[in-house]
Structures are given as C-alpha cells and as structure tokens.
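# next come a sequence and a model predicted from it.
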Amino acid sequence: DVLLNPETMEVYTPNTGQSKNLLTGEERAELRGKRQYIQGPDGKMKGSKSVSGGGSAKGVDKSEKDAIIEHKEEIIADFKSTNFNGEIHIPPKSIDTSKLTIDSEHIEKRGHNVSEKQAKQYIKDAVVSYSKTVEGQNFENYIGFEGTAYVNVDMNVIRTAYPKSQFTAGTKRLLKTLNKHTKKE
C-alpha cells in the first residue's frame, strides 16, 4: 500500500519509509524516525506526525505544508509588500541533497555549529525557498521552521546553514508571514 497526497503529489510507502514527489521526482527516506500518516475519510493522505524521536530537526507536518501551498499567492504578496528580495518558490525548489557538499569552514567561522546532515535536513524540511544571485553566483535559500540552508546551486555547495536560534530578522519576518497563513483556528 502507498499513501498519496493529491495536492503535493507526494507518494509515501509506509513499509519502506520512502517518499517520492511525482511532480519533481525527488525521493527521500525518513531519517528522523517513524511517522504516522493521517488518512482522510476519502482514503487520501491528509498529513503526518512524528511518532518517535530522533534527529536534530523537527519537520513540518504535511497539513502545514498543504496550508502554505493553498495560500501561496497571498504569502508571495505579503513577502513582496515587505520588499522581500528574491524569487519565491512554494513549495521549495527541488534539489538532490545527496549531490551537495558543505562549506564547513564558512559555517564554523560564523559559529553556526551545523553538520552536513543537519543542513541537508533543513533543506528537506523547508517550507519555502527563494532564488537570488550574489556576486554572479546563483543561490537557492531553503527556509523551514527549525533551520535554514543557503545553497550555491552553481557549485552544489551548502554555503551556510543555521538553526532557528540564529535566524535573522528577515528569516523571522518570512516565517511570521508563513505562520499567519497556517494558523490553526
């Protein structure tokens, strides 16, 4: 048996812990422990929640990601109204994290204390990403509620990553906008 989320087109196979997005082709294995997938009355996947601990990053459940996608246009309008800089992607732009390396020296110099595994998890758990060019290099910045990672897509290098305790004012503003649209009434 597999579970399909028709809005995100993500297929999850519970017995293997594997998921694949049918639109982007991105595949991944659950690294943080077991998940309980919430099935709606129509038999379709409606979200998930962690049922065991492990890992350093807490993911966003599928229902929150679905709410973000549902309010995509409003979120983008809010970002633009705050003079946000960059092309926003909701859901985040797909990237094969297995092909990424990490600039540990750059990250350590800034006191972020993030491992490659944590940085890749921040990318996988991102709820939004945005593209920008810095000094002629193309970056995709992945932002989630537990951490963020900036990837130099020209070189396949995670340039920097940091946990939520070190979020900048801009990252906090971005997440505040996302929270506004995902609040559970």
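Thanks, I have it.
# tell me the phi and psi of the closest residue to residue 164 other than its chain neighbours?
The shortest distance from residue 164 to any non-neighbouring residue, by Cβ to Cβ, 6 or more residues apart in numbering, is to residue 146 (5.5 Å). C-beta coordinates here come from the backbone N, C-alpha and C atoms, glycine included. Here is the backbone geometry of residue 146 (degrees, to the nearest 10): phi -110, psi -20.
# state the number of residues packed around residue 146.
18 (other Cβ atoms under 10 Å).
# wait, isn't it in contact with residue 124?
No: when contacts are counted by Cβ atoms under 8 Å, residue 146 is not listed as touching residue 124 (10.8 Å).
# ranges for the helices of the protein?
Assigned by DSSP state H, the chain shows helices spanning 62-70, 72-81, 104-109, 116-124, 169-182.
# state the mean pLDDT of the longest one.
Looking back up the chat, that one is helix 169-182. Averaging pLDDT along helix 169-182 gives 77.
# likewise the shortest one?
Averaged over helix 104-109, pLDDT sits at 90.
# tell me where the model's unsure across the chain.
When residues are selected by pLDDT under 70, those of the chain lie in 1-9, 11-18, 21-69, 78-84, 181-185.
# which stretches in it count as strands?
Assigned by DSSP state E, the chain shows strands spanning 3-5, 10-13, 18-21, 27-29, 35-39, 45-50, 87-89, 101-102, 128-134, 137-143, 147-152, 157-163.
# count the residues that sit near the nearest residue to residue 99 once chain neighbours are set aside.
Leaving aside its sequence neighbours, residue 99 sits nearest to residue 156 (Cβ to Cβ, 6+ apart; 5.4 Å). Residue neighbour count, defined by other Cβ under 10 Å, stands at 13 for residue 156.
# how near is residue 103 to residue 169?
Using Cβ to Cβ, to the nearest Å, residue 103 is found at 23 Å from residue 169.
# scratch that, residue 131 is what I was asking about
21 Å.
# more crowded one of these two?
Higher neighbour count among residue 131 and residue 169: residue 131, with 14 against 7, using other Cβ under 10 Å.
# pairing partners for that one in the sheet, please.
Going by DSSP bridges, residue 131 is paired in beta bridges with residue 87, residue 140.
# hmm, it is touching residue 139, no?
Yes: Residue 131 lies in contact with residue 139 (Cβ under 8 Å); the separation is 7.0 Å.
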